[in-house]
Structures are given as C-alpha cells and as structure tokens.
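Q: Below is the structure, and that's it, no one-letter string:
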C-alpha cells in the first residue's frame, strides 16, 4: 500500500495497530484494549482527513497508485461472464481503451473505458490511459453494436486526457472525439457513465455523454487538468492547487453545477482502501440506474438525454 | 559614399499620376512573408494578401460581408452575454477579462450568429471571433450556436459554422466542456432532418472546437494554411519529444489525411459553399 502525504497519519496508526495485533498473538499480554483504542483512533483520523479534503487532495486521490482501474471493476463485477472485444476495424487495437460484454445479474452490458497500467511496463503498454483516435473509434464500434442488439452501455472514465501525439493528430483525434460525442447524444440504448478516476476534458467526454453521469466521490472532471490550467493561466506549474479550486472539478462541485447527475460514495479512506466494497457499491449503482432507465422508450431516452445537455451552460440576456 | 544606397538608380519618377496611390497613413497590412498591402485593397481582395495569398485573420463582421448578399443579414440572439458562474480568478478575474474583451472588441462574446441571403437563398451562419478571448468556447458560444441550429431546424435553412478558436474557455471549466455535447446534440438533430451543415475551419481551429462542431460537417472545409488540430503543436512536441512534420496540422495536412473535403480560397468561398448546397439538395446550380 502506498500513502499520499496527507494520508501519513493513517499509515502511522495502521502500523501501530499491526504491531499491537502481532504483539497480542505472540505474547501472553492482553492488548485487546490497546488495539481497540487504536482502531477507534484510526477510524476518527480517517474521518477527519477524508471529511475535509481540498480539491487538489481529491485530484491526488483520483490518481492514487492503489486505486482500482477500469478492468478491476469489470472483472470484479462481471466475473467469468466478461468477454473482451478488440479493435476499431481500421487501424489497430488501442490498449488505452478497453471494451467488451459482461453480465450483472441477468442483464448484459457493454462496458467501455480507459485503462491505466499498474507498473512501469503496463503503464507504457496502456499509454497511461491516454487513448488514440482508434480507441475512441473502437468504443464507438462497440456502442453501435450494443445499440443494434438493445444492450445498455456502461462507460467507465479514467484518463489524464486524449493522447496528444503526432499519429493521433494524423488520424483525427478531434474528429474521433467529436463523432463519439455526437453519436452518444442519439444512441438508442441507455448509457450509464461513471467517472472512476480522472476525467480530463475531451478525452473523457469522448466516451462520457450519458443518460446518467455519475462521479465516484474522490474523482475529478473538468475541461483541463489543474497542472495544465496552472501552466497556461498562471504561466507556471506551481499553481495547481489554486487551479484545482478554481476549476470546481470535484464531484460535489460538478453536482452543484448540474453537470453530473449523482455522486457515488466511496468507503471511508477512499476506493483503494477497500476495493471489494467499492466494486459492490458500483455494481449495485449500475443495476439501480439501469432499472430506472430501462422503463423509458428509446425515443424518450434520447429526447431526455438531448434536453439534459441542451440546458447546460450559464449566461444572461 | 556613405549615402550611396540612398541614390536613385533609375532616372526620374516612373509612376503615372493616375496610378499613384492615395493612402492615408497607417493603413497598411504586412503579411508574415513581409508582403505589404494597402487596407482598402486588402478588403477588396477578400482580406487575402494578393502577392502571397496569405489569408489574414478576420472576424464575423468580415465573413458576414463576404458571404451575405449586399452585407444584409439579421443577427440572432445579439444580446447573450457571459456570466462568471464559477467566480473564476487566475491572475485576473474572469469578470474583468470579459469586460475588457467587450470594450476592446465591441463584441458581446466569441461568436455571432445570423441569417441572411447568400446568392439569393437563406443561410444561417455562426461565425467565431478570435479577437474575443482567443475565440474560446464557453456557455454563450455554445448556447448561441445551439440556438442558431434550432433556427435552421425550424426554418429548414442550411447551417454554416465558421470556426476560429483556441478551444474551450478555461474560465468556465466543465461548463465549457459540456458545450461540446450541447452543440453536438443539436447537430445530431439537424442531421436527422437532412438539413445541410457546412463546417469551415479557419486559422486557428483547435481544442474543443475541433473535438465537436468543427469536425462534424456534412462537409468539412478549410481556408489555405490554417492551423487545425486537437492538441496544440507545442503540447504535441512536449508530449512526444519529437520534431513535428513541417506542414503538421495545416489545412493541407488535414486534407491529405482525409479530414477535409476541400480547401477553399476566400475569394471562392461564397460560390463553393452555395454550389455544395445546390448539389446536395439536388437543386439548380445558381450562377457564379
């Protein structure tokens, strides 16, 4: 387990608690009271830390090295029923964007999402979760397949952005994202979107238009990363904390602005501290939302979706 | 000898009096290759430098004058203005930036939308103004484009978008991002009704603009030499550490890679756009 700066008090208490448990099992001394006190203190410390997180700390949590990634969710939720599907049928298979079919209960879903790696080798393999145009086109191919067979779509978002590469530009990164956004506004099956980590700009929205857009508690979603925003507007990388505050990129800010529909609570200590519970919460949430959406006819579904996006924006006159 | 360069080599003044130009001081334009052209002449030449064909960056006022017959049009939603919904402050307050931009440009925001006759038939045009905070797309830009498309839908009039933008407006953060979805949803509706949509990319068309309406035309066209791309060239260079191809992200590069239908010289713009509209709607081709 890795710890962020502001999580260090938790690390200390967890280590003390571990020692206490070991001491209790290896000696005759009764340490149960001490252990209990430590547990209580740990719980309280976690609550205190996680209750008052700054926007920048949420950004750090969204990138926590132990945080679950897209495939972790899908494998935990669908188990053996998951069938991964590859390729955009044009150029190649983008490893930063995954997709495939899987079951929750009796219902089949089409899953799509960006995939990050968990060590140096896999991070490179997954291009740090930064998809190329073929990734967006693969996602679109799978969504159109889902539409053809009346299968609802679940999109799991976790990306620092679409890849800004030479080949990406040659193959039309802008066009690929634009096409996805347009097609997703009119797809005739339910689309459930969940931000599970980073939601950076067009790279996120390229698979992010949906009937219900949900954010896990410790994620961010905005038009630009706080670092890039700092470098452009402040002309320095040093203002990322201020930029994070200014961008109103946390789940609660995004909900207040009516740009996402709901926040999904994480276990105390964040998704990474209790992955099993996180997977269960997400599975139940997808099921619950689909139960609501499946009652709508395709026409109503699309109309409501388009109306929702038509209302986004603040202006006068 | 020190003044030798100053000596007239040819005897006498060669220019006939009637060919002498009567130019008020300060109304010259210098193109990036150093060609100089008089402002009046530039305007007559569709704001293209005659010697090197450089397409000067112009705004909605100039594009409307080029595309609408006799420069007659009705502006749609001229009074929509940006608010500062996030109370955004970086090195400056966003509300102050807006005020300054409005004072400097005499524009309300970075897009103007209008309907008028072009070669005798109605056309709705949304045209971005780069001079207003880099042509950035926030709530007002998204809403005005959405309403212009609504107008096209209601009256069954072809829609033309002229993009000139650095991308989404950071000071409205995710509200700006969602304008990509808002405008694309409207374009999907326009498309379902079979109303033509022409997207013209001009210098520059980057970021969120490219990732939405600029690339979604029934035809995507561009002016020569425009910068068009998703990530800016500096970002690509930093991310890849590679040297960029010489014509990287130019109109010519996009045409070659299959993302544009054609490149159009500004003098031919009005004719070509209307020719497409006549052809795709299977109507008689209007005379040039």
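A: The structure has been received and is ready for your questions. Bear in mind that the values here come from a model prediction, so they are computed numbers and not experimental data. Numbering: from 1, shown residues only, chains lettered A, B, ... in the order given.

Q: which strand is the longest one in the chain?
A: Using chain A. strand A:191-200 (DSSP state E).

Q: Actually, chain B is the one I wanted.
A: Max-length strand for chain B by DSSP E is strand B:197-206.

Q: quick one on the thing from earlier: pLDDT of the longest strand of chain A, averaged?
A: Here strand A:191-200 scores 98 as its mean pLDDT.

Q: Run the contact check for it versus chain B.
A: No. Remark: strand A:191-200 sits outside contact range of chain B, by Cβ under 8 Å from any Cβ of the partner chain, the gap being at least 8.7 Å. Yep, even glycine has a C-beta here, placed from its N, CA and C like the rest.

Q: buried ones in the longest strand of chain B?
A: For strand B:197-206, the neighbour count (16 or more other Cβ atoms under 10 Å in any protein chain shown) marks B:197-206 as buried.

Q: Switch the residues you listed over to JSON lines; also include distance to residue B:103 and pLDDT.
A: Below are the buried residues of strand B:197-206 laid out as JSON lines (distance: Cβ to Cβ, whole Å; pLDDT from 0 to 100):
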{"residue": "B:197", "distance to residue B:103": "34", "pLDDT": "98"}
{"residue": "B:198", "distance to residue B:103": "33", "pLDDT": "98"}
{"residue": "B:199", "distance to residue B:103": "31", "pLDDT": "98"}
{"residue": "B:200", "distance to residue B:103": "28", "pLDDT": "98"}
{"residue": "B:201", "distance to residue B:103": "29", "pLDDT": "98"}
{"residue": "B:202", "distance to residue B:103": "25", "pLDDT": "98"}
{"residue": "B:203", "distance to residue B:103": "25", "pLDDT": "97"}
{"residue": "B:204", "distance to residue B:103": "24", "pLDDT": "97"}
{"residue": "B:205", "distance to residue B:103": "26", "pLDDT": "98"}
{"residue": "B:206", "distance to residue B:103": "26", "pLDDT": "97"}
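
Q: Make a markdown table from the residues you listed and add distance to chain A to it.
A: Output for the buried residues of strand B:197-206, formatted as a markdown table (distance: Cβ to the nearest Cβ, whole Å):
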| residue | distance to chain A |
| --- | --- |
| B:197 | 11 |
| B:198 | 15 |
| B:199 | 10 |
| B:200 | 15 |
| B:201 | 10 |
| B:202 | 15 |
| B:203 | 15 |
| B:204 | 12 |
| B:205 | 9 |
| B:206 | 8 |
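
Q: Closest one of these to residue A:113?
A: residue B:206 (26.4 Å; Cβ to Cβ).

Q: if I pick that closest one, what's in contact with it?
A: Residues in contact with residue B:206, defined by Cβ atoms under 8 Å, 6 or more residues apart in numbering or on different chains, are B:165-167, B:227-232.

Q: who's it bridged to?
A: residue B:229 (DSSP bridges).

Q: Can you report how many residues neighbour residue A:26?
A: 8 (other Cβ atoms under 10 Å in any protein chain shown).

Q: If you could redo that for residue A:265, that was the one I meant.
A: 11.

Q: OK, contacts around it?
A: A:217, A:281 are the contacts of residue A:265 under Cβ under 8 Å, 6+ apart.
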